[in-house]
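K.L.:
How does the following fold in three dimensions:
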Amino acid sequence: MAIRMTGQAQIYPSFDIEHRISSPIAETGRLQRFTSELISHGPLYALANHRIHSPKPLVPLENWKYWTDPKPQWLEGIMRAYPPRWKRKAYLDAMLEQDHASGIEAHYDVSNEFYALFLDKKYRFYTAADFWNKQETLEEAQVHKAGFIRGLLRLSGDEKVLDLGCGWGSMLRYLRETGHSGELIGLTLSQEQLTFDQQQRGLSVSLSDFITEPFEGAPYDRIYSIGSLEHVRPAELANLYQKTYDALAPGGLAVHQFFSYRSDPCPISVAVLELFFPGSMLSMHRIHIEAAEAAGFRITHDSIHDYKPTLRAWYDRLVANQDKALALVGLEVYNRYMTFLPFAWLFFKQNEADLHRVVIEKTAC
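P.N.:
Numbers count the residues shown, from 1 in each chain. From the prediction side, this is the model:
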């Protein structure tokens, strides 16, 4: 049966999924893909993609434990021994040939309604929250995060502010609702987010690649990003930090929340992450710091925070809304996010990367 379109949402009839479950041809193709990717991309990538293409929804508890339960040391060794670094790098270089827009659209233009199923209901932050205790709701934790970022911005009320990669306008809305009267401007590469920000939230948001395009409307008093610098490739950091420095008024500052590699610039997980964020590549944290300082910034704050509770909260909400998610985006996309969230949890649990909040200041002339 053909897919029906309702607004921006794709409706996948339930019997389409049942048909996929019973198709031996599809299962044979899935096994052939697994074997091929085991050789070309390694066991971690092959297993992740195999589960993404499961012919039925992944079982929530089994799936979470599959990725997050400790494994025997010998098994971890096998999983992380292949492919060798040169092969990982070759694959990554090929993926990085695509432009930023293609990768952003692949992840963020799935469906606004789909993301609404598992993100916080008021602001729709798709970035790490601050859980002060285990009893707090996701909504409360995201407000804590927003308040923390606002404090780092040191706003008096009338500053001109630019949000790089503003998503669904979450922080812009928070600033507006907490009394900021200065001009608030956002940039996004997602057409779905742009439409939502402009039509649903009445925000001043433009479709622009903040990495490669100039910052229109400079100078700004404050520039910030929350969960956007992860899409900036290492070779692009120096230019971005210099562009940010040049766009700030004297005495201005920038605040960035992002995660970055701790010690290994090309771990085994780098290929798997391309399943979820094609064309993006994380940088070592020291590369961020060096690029900021080379641009002329003074680092005045750098704190580390925990992403794992947010990932688990999103996972639980997605599971609770399984039927709605399947109706909106279909089986493969649902299983992709069911794989992405526990894999990301493991990524942080194994200390491959840290979530940072960094304040960089431009000297007043």
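
K.L.:
Is it correct that Asn112 is in contact with Trp168?
P.N.:
Yes - the pair Asn112 / Trp168 is scored as a contact, 7.4 Å apart, by Cβ atoms under 8 Å. No exception for glycine: its C-beta is placed from N, CA and C like everyone else's.

K.L.:
what do those two both touch?
P.N.:
Gln193, Phe196 (Cβ atoms under 8 Å, 6 or more residues apart in numbering).

K.L.:
Looking at those two, which is more packed in?
P.N.:
Taking other Cβ atoms under 10 Å, Asn112 and Trp168 do not tie; Trp168 has more neighbours (28 against 20).

K.L.:
Just to check, the more buried one is in contact with Tyr126?
P.N.:
Yes - with contacts counted by Cβ under 8 Å, Trp168 reaches Tyr126, the gap being 7.3 Å.

K.L.:
Pull up the overlap in contacts between the two.
P.N.:
Residues touching both Trp168 and Tyr126 by Cβ under 8 Å, 6+ apart: Tyr115.

K.L.:
From Gln200, how far off is Gly179?
P.N.:
Distance, Gly179 to Gln200, by Cβ to Cβ, to the nearest Å: 21 Å.

K.L.:
Sorry, slip of the keys, the one I care about is Phe125.
P.N.:
Distance, Phe125 to Gln200, by Cβ to Cβ: 15 Å.

K.L.:
If you count surrounding residues, which of the two has more?
P.N.:
Phe125 (25 against 12).

K.L.:
For the more buried one, which residues are in contact?
P.N.:
Contact partners of Phe125, counting by Cβ under 8 Å, 6+ apart, are Leu119, Gln142, Lys145, Ala146, Gly167, Ser170, Met171, Ile226.

K.L.:
pLDDT check: weakest of these?
P.N.:
Lowest pLDDT among those: Gly167, with 93.

K.L.:
Quick check: that one touching Gly227?
P.N.:
Yes - counting by Cβ under 8 Å, Gly227 is a contact partner of Gly167 at 7.4 Å.

K.L.:
Between those two, which contacts overlap?
P.N.:
Here Gly167 and Gly227 have Tyr126, Thr127 as joint contacts, going by Cβ under 8 Å, 6+ apart.

K.L.:
With neighbour numbers in mind, choose between those two.
P.N.:
Set Gly167 next to Gly227 and count neighbours by other Cβ under 10 Å: Gly167 wins out with 26 against 19.

K.L.:
Doesn't that one lie inside a strand?
P.N.:
No - assignment of Gly167 by DSSP: H, G, I helix; E, B strand; the rest coil gives coil, placing it outside any strand.

K.L.:
Now do the contacts for it.
P.N.:
By Cβ under 8 Å, 6+ apart, Gly167 lies in contact with Tyr108, Arg124, Phe125, Tyr126, Thr127, Thr188, Ser190, Gln193, Ile226, Gly227.

K.L.:
Make CSV out of these and add distance to Leu282 and secondary structure.
P.N.:
Shown next, in CSV, are these (distance: Cβ to Cβ, whole Å; DSSP: H, G, I helix; E, B strand; the rest coil):
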residue, distance to Leu282, secondary structure
Tyr108, 17, helix
Arg124, 24, coil
Phe125, 20, coil
Tyr126, 17, coil
Thr127, 15, coil
Thr188, 20, strand
Ser190, 20, coil
Gln193, 22, helix
Ile226, 16, strand
Gly227, 12, coil
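
K.L.:
show me where pLDDT drops low in the chain?
P.N.:
1-23, 25, 95-96, 98-109 (pLDDT under 70).

K.L.:
Buried residues of the longest strand anywhere in the chain, list them for me.
P.N.:
In terms of residue count, the longest strand belonging to the chain (DSSP state E) is strand 248-261. Across strand 248-261, burial judged by 16 or more other Cβ atoms under 10 Å covers Leu248, Ala249, Gly252, Leu253, Ala254, Val255, His256, Gln257, Phe258, Phe259, Ser260, Tyr261.

K.L.:
And stretch 126-135, by the same measure?
P.N.:
Tyr126, Thr127, Ala128, Ala129, Asp130, Phe131.

K.L.:
residues touching the last one, list them.
P.N.:
With contacts defined as Cβ under 8 Å, 6+ apart, Phe131 is in contact with Ala141, His144, Asp306, Pro309, Thr310, Ala313.

K.L.:
ok, the last one touching Glu139?
P.N.:
No - in this structure, Ala313 sits apart from Glu139 without contact. The criterion is Cβ under 8 Å, and the distance is 10.0 Å.

K.L.:
Comparing the two, which residue is more hemmed in?
P.N.:
Ala313 (22 against 15).

K.L.:
could you pull out the strands for this protein?
P.N.:
Going by DSSP E, the chain shows strands at 4-6, 9-11, 161-164, 184-188, 205-207, 220-226, 248-261, 298-305, 353-361.

K.L.:
Arg154 is nearest to which of those?
P.N.:
If you check each of those against Arg154 by Cβ to Cβ, strand 248-261 wins as the nearest, at 7.1 Å.

K.L.:
mind exporting that closest one as PDB, just the C-alpha atoms?
P.N.:
The C-alpha trace of strand 248-261 is given here as PDB (Å, rounded to 0.1, in the frame of the first residue of the first chain):
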ATOM      1  CA  LEU A 248      31.200  40.300  18.300                       C
ATOM      2  CA  ALA A 249      31.200  43.800  19.500                       C
ATOM      3  CA  PRO A 250      34.200  44.800  21.700                       C
ATOM      4  CA  GLY A 251      33.600  43.300  25.200                       C
ATOM      5  CA  GLY A 252      31.100  40.800  23.800                       C
ATOM      6  CA  LEU A 253      31.200  37.100  24.600                       C
ATOM      7  CA  ALA A 254      30.200  33.700  23.100                       C
ATOM      8  CA  VAL A 255      28.800  30.700  25.000                       C
ATOM      9  CA  HIS A 256      28.900  27.200  23.500                       C
ATOM     10  CA  GLN A 257      27.500  23.900  24.800                       C
ATOM     11  CA  PHE A 258      29.000  21.000  22.800                       C
ATOM     12  CA  PHE A 259      30.600  17.600  23.200                       C
ATOM     13  CA  SER A 260      34.100  16.800  21.900                       C
ATOM     14  CA  TYR A 261      36.500  13.900  21.900                       C
END
